[in-house]
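*Asks:* Got a predicted structure plus its sequence, pasted below:
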Amino acid sequence: MTELHADPLHPLVLDADTGVAELAGVRYLASQPVRAKDGRTVLYLTEASRPMHLFKFVGPAASSGALPHGTLYVASLGADGACEGHGRWLPLVLARHGLSVRDGYDSLQAILADPADAACRAGASSIEGLFAPQARSEGGALLLCDRATPALTWREALGDAASLSFGWHGTAAAESVDTNLHLQRFGSAAARLRG
């Protein structure tokens, strides 16, 4: 595994061969790393065991494969039942978006240890289905694992992977896209989007 985060409390470790990442003991399916316009590194993530949210991790440019720190964001699609819209990335950090001591979070470690709960409390969109993220030019896609076709695609504002907003649309078309081989072992499911 390639270590992409050097903080001992919550290192982000990515196995580029399988597309699996680990952050604070939680496993994620990960896209290939992409570079933001300012040189930072960005990874798109979903929970590995039961995908429910779309995350992205943004950190400084890798130096010898290590990122000294970074921020985990979760997607809010900003629409209920729509097929397209504008979303934003919510930072999963202390004292923002319902993630304070009063809400039961006393540290960043507590947030990162249960990202699904933190995402729900922050107001993130829930995305049901079995899928994995893929980085694409100026954005990304959530791919259905049984067909390796996109269930959701997004374009980052200004085409910058580190942007805090994005435009998105759900797709029903079976357009073919390049994918990582690791998607094949996660079975089949249909995706359903909920705002």
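*Replies:* Right, received. Where do you want to start? Residues are numbered from 1 along each chain as shown.

*Asks:* what about the chain, any weak spots by pLDDT?
*Replies:* Residue ranges of the chain with pLDDT under 70: 1-11, 61-68, 79-81, 146-148, 171-195.

*Asks:* Nearest residue to the middle of it?
*Replies:* Phe55 (2.3 Å; CA atoms, centre = their mean).

*Asks:* so who does that residue touch?
*Replies:* Counting by CB atoms under 8 Å, 6 or more residues apart in numbering, Phe55 touches 28, 44-46, 72-75, 115, 119. All C-beta spots, glycine's among them, are computed from the backbone N, C-alpha and C.

*Asks:* Those in helices, which ones?
*Replies:* If you go by DSSP state H, the contacts of Phe55 have 115, 119 in helices.

*Asks:* So Arg102: helix, strand or coil?
*Replies:* Under DSSP: H, G, I helix; E, B strand; the rest coil, Arg102 falls in the helix class.

*Asks:* can you count the residues close to it?
*Replies:* Counted with other CB atoms under 10 Å, the neighbours of Arg102 add up to 8.

*Asks:* How much space separates it from Leu92?
*Replies:* Arg102 sits 16 Å away from Leu92, going by CB to CB, to the nearest Å.

*Asks:* Same check on Ile127?
*Replies:* Counting by CB to CB, the gap from Ile127 to Leu92 is 16 Å.

*Asks:* Could you do Val42 as well?
*Replies:* Plainly put, Val42 is 15 Å away from Leu92 if you go by CB to CB.

*Asks:* one step back: could you give the bridge partners of the residue nearest to the centre of the chain?
*Replies:* Phe55 has these beta-bridge partners by DSSP bridges: Leu45, Val74.

*Asks:* can you start the count at 17 instead of 1 from here on
*Replies:* Renumbered: residue one is now 17, and that last one reads Phe71.

*Asks:* where's it relative to Val117, distance?
*Replies:* Here Phe71 is placed at a distance of 23 Å from Val117 (CB to CB).

*Asks:* Ser92 now?
*Replies:* Note on Ser92: its distance to Val117, by CB to CB, is 23 Å.

*Asks:* quick one, which of the two is more surrounded?
*Replies:* A count of neighbours by other CB under 10 Å puts Ser92 above the other of Ser92 and Val117, at 21 against 11.

*Asks:* tell me the contacts of the more buried one?
*Replies:* Residues near Ser92 by CB under 8 Å, 6+ apart: 103-106, 138-141.

*Asks:* Next, Ser65: secondary structure please.
*Replies:* Judged by three-state DSSP, the three-state class of Ser65 is coil.
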